[in-house]
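1. Sequence and predicted structure are below.
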Amino acid sequence: MIHPKEEKTLVLIKPDGVKRGLIGEIISRIEKRGLKIIGLEMIKAAPEQIDEHYPKDEKWIKRLGEKTLENYKSYGFDAKKELGSEDPLEIGKMVRGWLIDYLTSGPMVKIAVKGIHAVNMVRKLVGKSMPAEAEMGTIRGDFSVDDATAANRDKRAIHNIIHASETLEEAEHELKLWFGLEEIYDYKRAEEDIMF
């Protein structure tokens, strides 16, 4: 077990966040929280990189499809008519493809973050994945207006500004995927002795 203040996580500012000029705001919120930026770069991701970023596990893909079907049902839309299927795995594959298209549609900013419980702290700052459910005061709650129903009906990914690793294991995998060891810098922030 690592010390909680040694925890690292990944943040990706997605193409909509970059195009909307939210890079500075997002970095500011991370740093004001007392977390440390230890890696930072603007990139244009290749489809292969995004394909490696998202799980290929059938269970995860099926879950995407199930969420989409739940969304269609809750709003009274016909998934079979609009998507051509009611099979959660088939729909999940469609959604995963939309995610790849979305994250390769423009530049992104990759950020390595370190600090006490970095994974959970960043997730709190970011807010729930579904913008309509994200609390005000979170990045998605304050800046994202997209909706799953609109995204599904338009056959595209939800534009929710930012990605943040959900678990320590996911963070470890994603940091290795997006950053080389030579791209990570550690240092002591001036207020570290005061804060923790």
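-> The structure has been received and is ready for your questions.
2. which secondary element of the protein has the worst mean pLDDT?
-> The helix or strand of the chain with the poorest confidence is helix 192-195; it has a mean of 77 (mean pLDDT, DSSP states H and E).
3. by contact count, what packs against that one?
-> Helix 192-195 is packed against no helix or strand, with contacts defined by 3 or more C-beta pairs under 8 Å, 6 or more residues apart in numbering; DSSP states H and E. In this view, the C-beta of every residue, glycine as well, is placed from N, C-alpha and C.
4. what comes into contact with that helix?
-> Contact with helix 192-195 is made by G34, as judged by C-beta atoms under 8 Å, 6 or more residues apart in numbering.
5. Kindly report the same for stretch 29-44.
-> 8, 11, 18, 27, 104, 106-116, 118, 121-122, 125, 139, 179, 183-187, 189, 191, 195-196.
6. how many other residues sit next to K36?
-> 20 (other C-beta atoms under 10 Å).
7. Assess the claim that A118 and T9 are in contact.
-> Yes - between A118 and T9 there is a contact under C-beta atoms under 8 Å: 4.4 Å.
8. Next, show the common contact partners of those two.
-> In contact with both A118 and T9: A171, using C-beta under 8 Å, 6+ apart.
9. So which of the contacts of stretch 29-44 are in strands?
-> Judged by DSSP state E, the subset of the contacts of stretch 29-44 located in strands is K8, V11, M108, V109, K110, I111, A112, V113, K114.
10. Between which two of the residues you listed is the distance greatest?
-> Largest separation among those by C-beta to C-beta: M108 and K114, giving 19.8 Å.
11. Looking at the two, which one has more neighbours?
-> Higher neighbour count among M108 and K114: M108, with 26 against 20, using other C-beta under 10 Å.
12. So in terms of bridging, what pairs with that one?
-> I43 (DSSP bridges).
13. Now do the contacts for it.
-> By C-beta under 8 Å, 6+ apart, the neighbours of M108 are L12, I13, K14, P15, V18, M42, I43, K44, A45.
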